[in-house]
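S.K.: Have a look; sequence and predicted model below, questions after that.
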Amino acid sequence: MYATFKARAKAYGFQEVEMPVMETIENLTAKSGPDKKSQIFVLEKRSNEQLGLRFDLTIPMTRLFVAKQKELPKPVKWFCVDKNWRYEAPQKGRLREFYQFGVEVFGSESPRVDAEVINLVIDCMQAFGITEKDVVMKVNSRKLLEGLLQAFVPPKKMVEVIRAIDQAEGKEEGTLKQALKDIGVENDEIIKLASIKGTMQEVASQIENCDITEEGKEELEKMKQACALIPKEWVEVNLGLARGLDYYTGIVFEAFDKAGDLRALAGGGRYDALTTLLGGEDTPATGFGFGILPFSIYLEEKGLLPNTGFVIEYFVAPVDEAVVPEAFRIAEKLRKKFNVEVDLSGRKLGKQFEYAASIGAKKIIVVGSRDLEKGLVTVRDLAKGKEEQVKVDDLG
């Protein structure tokens, strides 16, 4: 799976990078939202430094960009496949230590970039046999949502309301209404807006008479431009999608299986303010995180989990202790081209055959004293049940 993700990213011109697993708490909590702060694994404080383990790849990758941004040609296109950590209850599709495929683009505010990263997510899905019948790409914009909400929500309550909308997406009816009541902003118009979804054309038609800010109108045009570059059969524009992290500033997206059995398989969006929060120059940026664990579960359930491709071509079986040195020499020679195991436990020949079959070895090379005197070994094909004598010099 990692190899496939890396190959697809490189096909789009992305370069692989690596970052430290630790970040300062200041960096990790920069616009991360209250739920993420409670999930950070905080390390013991040393001197005046408080460090924690990263919970995604966006913040460390952005910090890496900030350190190099003046010397790099733009846009910068990076990807990483690596571990993250979140302190939360382990459950199906969610562990405290997990791998993520992360992609980021720095230095372009064009909607083409948003389309490019969404297309890469779709490309990765297709590489494993997933189609638009299986997965839907939900797309929205934080700026568009804010532009529509400003008529009903006070500025000081905007972040709370957007977070409530995001958390209510996909949950039972009444969840958002109760959340808005708790915030102190009860308005059925907010609930109506959050329920709007469909094609880009359908959504634009439903909100054309709404009171919307100029920034919201500009963002709507950007969404139209981006969606025009994405396969339309994959896309659902959904005004109830906002993504939980507070650093998102523009177009956001999440990929969901249509059956609804798992949480988001992948998600991301635009975060144009994060570089300045981490001490860099103001730089537009967008990207995504692809959850490898939930996606692997999804593939397994659909019977699409790829074979690892790993196989033992030869198992070298010495008949007795006297021929072990020659068995090791044969294994060493074959390992230049093949995956090879040699018996390490001093088992009798019958037990070696059983073990070779249990690990799926294709062939067994029996090394015996009498055959070696003639420069031969016996090679048995486990699948066909056939065996032949082969010159040691001809092996491989």
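M.R.: Arrived safely.

S.K.: from the chain's centre, how far out does the host helix or strand of residue 366 sit?
M.R.: Element membership for residue 366 (DSSP states H and E) is strand 363-367. The gap between where strand 363-367 is centred and where its chain is centred comes out at 42 Å by Cα atoms, centre = their mean, to the nearest Å.

S.K.: That one: partners in the sheet, and parallel or antiparallel?
M.R.: Using DSSP bridges, strand 363-367 pairs in its sheet with strand 314-318 (parallel), strand 376-381 (antiparallel).

S.K.: residues in contact with the shortest one?
M.R.: Put plainly, it is strand 314-318. In this structure, residues lying in contact with strand 314-318 by Cβ atoms under 8 Å, 6 or more residues apart in numbering are 324, 326-328, 330-331, 334, 338-343, 349, 352-353, 355-356, 359, 361-367. In short, each C-beta sits where N, CA and C put it, glycine included.

S.K.: do that again at 6 Å, thanks
M.R.: 324, 327, 330-331, 334, 338, 340-343, 352, 356, 361, 363-367 (Cβ atoms under 6 Å, 6 or more residues apart in numbering).

S.K.: Packing partners of the helix or strand just after that strand?
M.R.: Following strand 314-318 in sequence order, the next helix or strand is helix 324-334 (DSSP H and E). With contacts defined as 3 or more Cβ pairs under 6 Å, 6 or more residues apart in numbering; DSSP states H and E, helix 324-334 has these neighbours: strand 314-318, strand 340-342.

S.K.: between those, which gets nearest to residue 55?
M.R.: For these, proximity to residue 55 was assessed by Cβ to Cβ; strand 340-342 is nearest, at 39.4 Å.

S.K.: quick one: low-confidence parts of the chain?
M.R.: Scanning the chain for pLDDT under 70 picks out 31-35, 308.

S.K.: Please identify which helix or strand holds the spatially most central residue of it.
M.R.: The chain has residue 290 as the residue nearest its centroid, 2.0 Å off, counting by Cα atoms, centre = their mean. Using DSSP H and E, residue 290 maps to strand 285-291.

S.K.: Beyond that strand, next helix or strand please.
M.R.: helix 292-301.

S.K.: which ones are touching residue 120?
M.R.: Here residue 120 is in contact with residue 12 (criterion: Cβ under 6 Å, 6+ apart).

S.K.: I'd assumed it was in a strand, is it?
M.R.: No: note on residue 120: no strand contains this position according to DSSP: H, G, I helix; E, B strand; the rest coil, which reports helix.

S.K.: Would you mind measuring from it to residue 358?
M.R.: Computed with Cβ to Cβ, to the nearest Å, the distance linking residue 120 and residue 358 is 40 Å.

S.K.: likewise residue 334?
M.R.: From residue 334 to residue 358 the distance is 20 Å (Cβ to Cβ).

S.K.: Looking at those two, which is more packed in?
M.R.: The neighbour comparison of residue 334 against residue 358 (other Cβ atoms under 10 Å) goes to residue 334, with 18 against 8.

S.K.: surely the more buried one meets residue 396?
M.R.: Yes: with contact defined as Cβ atoms under 6 Å, residue 334 reaches residue 396; the gap is 5.1 Å.
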